[in-house]
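Visitor: Fold the stuff below for me.
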Amino acid sequence: MKDALGHGSETRGGTHASKIDQIGKPVLSPKVVQGILSTPPGEGFTMRLKDGAAPPQGYQVAIPGHAFPGGNGPTNEAALQARASQHAGALKKAGHVGGYNNEVTGNFEIEPSQNIGNRNAAIRTGTSRNQVSIWNNREGKQIMTGGTGD
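Guide: I've put the predicted structure just below:
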């Protein structure tokens, strides 16, 4: 209980209590893991972390520095959860995860992906993040942004 000056512990159900129950919980839901592992080789995907559904609109822009190199494709649930745990903050911030064949490296990569509703804002964000391209969810195609992906 907090005193009049705001000192002390939070009441039951506060921020601390709501985070304690998350310890040890997998970052990726079973629906998201199943969606990643069932993606055919060479194909890409984008999923909302909360329910594994593909976002119907907006533009996906990667959060740089958090790609999980997947070799020729996703490996297994344990490997996905381990990598997701290492990048949990970026995944939670992004709210989405995407996978694609990186034509530069030849590897399948999985990374946190942010959904931005406005095309111009998404292109600006992708450009500022040095992204090669962003993804148009409604049209199902990439938009080149001129970056190198580094």
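
Visitor: And the helices in the chain?
Guide: 15-20, 30-37, 77-86, 88-94, 119-128 (DSSP state H).

Visitor: Include mean pLDDT, mean neighbour count and distance to Gly140 when you put these into CSV, please.
Guide: (Each C-beta comes from the backbone N, C-alpha and C, glycine too.) Shown next, in CSV, are the helices of the chain (pLDDT from 0 to 100; neighbours: other CB atoms under 10 Å; distance: least, CB to CB, whole Å):
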stretch, mean pLDDT, mean neighbour count, distance to Gly140
helix 15-20, 45, 10, 37
helix 30-37, 90, 17, 16
helix 77-86, 88, 16, 24
helix 88-94, 93, 16, 20
helix 119-128, 97, 16, 15
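
Visitor: In TSV, list the ones you listed along with distance to Gly44.
Guide: Below are these laid out as TSV (distance: least, CB to CB, whole Å):
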stretch	distance to Gly44
helix 15-20	33
helix 30-37	11
helix 77-86	16
helix 88-94	16
helix 119-128	16
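
Visitor: Quick one: closest of the ones you listed to Thr148.
Guide: Counting by CB to CB, Thr148 lies closest to helix 119-128 out of those; the figure is 11.3 Å.

Visitor: Who are the packing partners of that closest one?
Guide: In terms of contacts (3 or more CB pairs under 8 Å, 6 or more residues apart in numbering; DSSP states H and E), helix 119-128 is packed against strand 59-62, strand 108-116, strand 133-136, strand 141-144.

Visitor: Would you mind finding the most buried of these?
Guide: Among the helices and strands packed on helix 119-128, the stretch with the highest mean neighbour count (mean count of other CB atoms under 10 Å) is strand 59-62, at a mean of 27.

Visitor: nearest residue to the residue positioned nearest the centre of the chain other than its sequence neighbours?
Guide: By CA atoms, centre = their mean, the chain has its centre lying nearest to Pro112, at 2.3 Å. Once flanking residues are discounted, Pro112 sits nearest to Ala94: 3.7 Å by CB to CB, 6 or more residues apart in numbering.
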